[in-house]
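Chemist: Dropping a prediction and its sequence here:
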Amino acid sequence: MKLLRTWVFCSSLLLGVLLVNGQETETLGTDLEVADSLEVKEKIPLSLRFGADLYRLIRSQSSDDFQGFEAVADLRIKKDLFIAAEVGSVEITEQSEQINLTTKGTYYKIGFDYNMFDNWEGMDNHVVLGLRLASSSHSQFVNAYTLLDRTPFWQDPETKISSGYATGERPNLNAFWLEFVAGFKVQVINNIYLGLSLRLNRLLSDTVPENFDNIYIPGFNKKTEDNKFGASFNYTLTYRIPFRFKK
């Protein structure tokens, strides 16, 4: 009888120890899971990247009829989502059919880029699709135009006019358009990126100058009659400033 009581007592004591150890292990595992979850959510991938369009800089140095500059920037707000913007200025002189004109102005673009590329560990390259809302403020200056007269009464059928009412400046012009963006950015060295993007533009509205249409819009590029679409591109060099924040 005493042996039976001793066995029951020992069994109860052992069972109690096992239950206490099991509860402590479960609590410790839960604490580790919570700690791991907090550690995963601790960092926010926020970074600022800025730079310039190399194409416009090179063209400005190689052409007497073009002067332009474009600054670019994007802010990383999530792993694959960026707020993006471009600001630029253009002065260009060109011949369009019978009109020689100079367009001068500035433009602004803001929107977003979404990265479609799944990087390997240690890489930070991007294949992006994006959208921009853009606007320009510019002026058109008609330098000269040509009158065509095909009648047999005049020896010279083409008369060039470089002064008078039709020539001169048309100020206070503006335009608004949407840009659909596809491109990529490659990290060549740490925090330095080369990028190329193609833009399909859809004109929403523009102020038409007196006596003729907008032929060139800064940031939109050439505009053709009865066609609301245009195209452009940029080739960028940018530098990234990384930030680290804790929730």
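Modeler: That came through fine. Numbering: from 1, shown residues only.
Chemist: strands paired with the helix or strand that Gly130 is a member of, and their directions?
Modeler: Per DSSP states H and E, Gly130 falls inside strand 126-148. Sheet partners assigned to strand 126-148 using DSSP bridges are listed as strand 99-115 (antiparallel), strand 158-161 (antiparallel), strand 168-189 (antiparallel).
Chemist: ranking those strands by burial, who's on top?
Modeler: Of all those, strand 99-115 has the most neighbours on average by mean count of other C-beta atoms under 10 Å, namely a mean of 19. C-beta here means a position set from N, CA and C on the backbone, and glycine is covered the same way.
Chemist: So Leu200 is in contact with Ala231, correct?
Modeler: Yes - Leu200 lies in contact with Ala231 (C-beta atoms under 8 Å); the separation is 6.0 Å.
Chemist: any shared contact partners between these two?
Modeler: Common neighbours of Leu200 and Ala231, using C-beta atoms under 8 Å, 6 or more residues apart in numbering, do not exist here.
Chemist: how about TSV for the strands paired with strand 126-148, with distance to Ala52 and mean pLDDT added?
Modeler: Output for these, formatted as TSV (distance: least, C-beta to C-beta, whole Å; pLDDT from 0 to 100):
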stretch	distance to Ala52	mean pLDDT
strand 99-115	14	95
strand 158-161	38	58
strand 168-189	14	94
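Chemist: could I get those strands as TSV with distance to Leu196?
Modeler: Formatted as TSV, the strands paired with strand 126-148 follow (distance: least, C-beta to C-beta, whole Å):
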stretch	distance to Leu196
strand 99-115	13
strand 158-161	40
strand 168-189	6
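Chemist: pLDDT value on the nearest residue to Gly111 once chain neighbours are set aside, please?
Modeler: For Gly111, ignoring the flanking residues on the chain, the nearest one in space by C-beta to C-beta, 6 or more residues apart in numbering is Arg132 at 3.7 Å. Arg132 carries a pLDDT value of 98.
Chemist: what's near enough to touch Arg132?
Modeler: Ala84, Glu86, Lys109, Ile110, Gly111, Leu178, Glu179, Val181, Arg199.
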